[in-house]
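Chemist: Kindly return the folded structure for what I paste below:
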Amino acid sequence: MKDLPPQKRKALVQCLLVWYDKSRRRLPWRPLPGQSVDPYRVWLSEIMLQQTTVAAVGPYFQSFVKRWPTMNALAAAPVDEIMSAWSGLGYYSRARNLHACAKRVAAEYGGSLPNDEAELKSLPGIGSYTAAAIAAIAFGKQAAPVDGNIERVLARLFAVREKLPAAKPLLKNLAEALAPQARSGDFAQAMMDLGATICTPKSPTCESCPWIRSCAARKSGLERALPARSTKKKRPLRRGTAFVVISGGSEILLRRRPPKGLLGGMHETPMSAWEANFPSDPLCLAPTKSKYRMIEGLVHHTFTHFDLELQVFVSNVNSRQRGSIEGEWAPINDLAHFALPSVMRKIIEHALNPAKA
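Modeler: From the prediction side, this is the model:
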């Protein structure tokens with residue numbers, strides 16, 4: 001749909017930019033009008049925002065830029081520190097790719113991101129959407145990032161009835177047809193803001209929308225029905241057993257997960273594999289032969305492609321026993337400095353404070 005009439009395109013762009021200049025969100029990574037854009041902050045925010053909400057990202061972003069204010073500073077940091085600082089934000093492959101990307105940009109580009117969309121896509125952790133977003137927002141390139149908010153806005157604006165995800169190529173085509181040469185970054189962010197604040201998934205406030213007169217879905221009474229989506233498959237349920245081994249009442253046994261795969265390189269409590277059923281004899285998998293007690297209740301966690309239930313066993317060991325146990329002893333009062341994903345923090349909380357879990 002590259003044949004969008006020039007006058008219609010111009011009118012839509014101008015209308016949305018006028019609205020954006022009055023209604024833009026204040027976000028920690030977004031410079032105020034008149035301030036220059038820092039590509040490092042754009043990149044960092046876009047990586048953090050992948051599959052994560054603005055509200056969740058804000059504190060992490062501010063912490064990262066305070067601790068590592070430049071690409072070169074981030075590249076020089078040990079990966080364990082990056083993983084620890086990322087802990088709780090989820091999707092931990094993003095943190096590993098963040099560090100890998102920073103090291104490559106520092107080594108090959110002198111610490112400054114390239115401004116070419118194709119070059120950006122060649123960097124670790126940067127896909128089509130993120131490359132387009134950085135190109136448009138950080139460098140003013142005529143690029144068309146399409147995230148979930150923008151998909152929804154465009155599906156309604158043009159009354160695209162084809163179901164997602166099959167409709168993605170058409171919506172990308174529409175985004176490219178609309179993307180202006182001037183203020184491309186503002187236009188992309190304006191569509192993101194429109195989707196986040198007005199053209200919301202379930203209850204769009206159409207009366208406040210700058211595109212209300214142009215919205216084909218609104219005219220057809222389909223604004224709440226679009227975008228249409230194919231039925232999602234039910235997530236499978238996996239189960240496992242976690243072991244919380246405590247030494248002297250003050251330290252917990254941790255191990256490192258394999259560098260690749262889910263939660264790769266992160267710390268974990270010792271545990272079984274995650275399978276369809278709980279282990280038939282879980283204590284044979286325990287990291288030590290000491291006495292264990294099972295904590296009442298289960299730890300529940302949701303990943304992108306499956307749900308997880310974990311039973312938790314706790315053991316207290318003495319100094320003689322701990323010497324023969326493989327792993328790393330982490331002070332309970334200092335767990336914030338370890339790269340523990342949120343599911344592992346849930347396990348430890350469940351073991352230490354079962355009444356609150």
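
Chemist: worst-scoring helix or strand of the chain, pLDDT-wise?
Modeler: When each helix and strand of the chain is scored by mean pLDDT, DSSP states H and E, helix 319-322 comes last, with a mean of 76.

Chemist: In the helix or strand following it, which residues are buried?
Modeler: For helix 319-322, the following helix or strand on the C-terminal side (DSSP states H and E) is strand 328-331. By neighbour count on 16 or more other C-beta atoms under 10 Å, the buried set for strand 328-331 is residue 330. All C-beta atoms are positioned from the backbone trio N, CA, C, and that covers glycine.

Chemist: Go through the helix or strand that strand 328-331 is followed by and flag the buried ones.
Modeler: Per DSSP H and E, strand 328-331 leads on to helix 342-352 as the next helix or strand towards the C-terminus. For helix 342-352, burial by neighbour count (16+ other C-beta under 10 Å) applies to 343, 344, 345, 346, 347, 348, 350, 351.

Chemist: What does the pLDDT read for the fourth one?
Modeler: Model confidence at residue 346, given as pLDDT, is 93.

Chemist: Nearest spatial neighbour of it, chain-adjacent residues omitted?
Modeler: residue 299 (5.0 Å; C-beta to C-beta, 6 or more residues apart in numbering).

Chemist: can you check residue 57 too?
Modeler: residue 48 (4.5 Å).

Chemist: what sits against the one you found?
Modeler: 57, 60, 61, 64, 89, 94 (C-beta atoms under 8 Å, 6 or more residues apart in numbering).

Chemist: my guess is the last one contacts residue 125, does it?
Modeler: Yes. Using C-beta atoms under 8 Å, residue 94 is in contact with residue 125, at 6.2 Å.

Chemist: got any residues that touch both of these two?
Modeler: With C-beta under 8 Å, 6+ apart, residue 94 and residue 125 have common neighbours residue 47.

Chemist: so which strand or helix has the nearest residue to residue 311 once chain neighbours are set aside?
Modeler: Using C-beta to C-beta, 6+ apart and skipping the chain neighbours, the partner closest in space to residue 311 is residue 241 (5.2 Å). In the assignment (DSSP H and E), residue 241 maps to strand 237-247.

Chemist: same for the helix or strand following that strand, what does it pack against?
Modeler: Next along the chain after strand 237-247, taking DSSP H and E as the criterion, comes strand 251-256. Judged by 3 or more C-beta pairs under 8 Å, 6 or more residues apart in numbering; DSSP states H and E, the packing partners of strand 251-256 are strand 237-247, strand 267-268, strand 328-331.

Chemist: Nearest approach to residue 32 belongs to which of those strands?
Modeler: strand 267-268 (39.0 Å; C-beta to C-beta).

Chemist: strand partners of the closest one, parallel vs antiparallel please.
Modeler: Its sheet considered, strand 267-268 pairs with strand 251-256 (antiparallel) by DSSP bridges.

Chemist: State the pLDDT value of the residue lying closest to residue 347 once chain neighbours are set aside.
Modeler: In this structure, residue 347 finds its nearest non-sequential neighbour in residue 242, 4.7 Å apart by C-beta to C-beta, 6+ apart. We have a pLDDT of 96 for residue 242.
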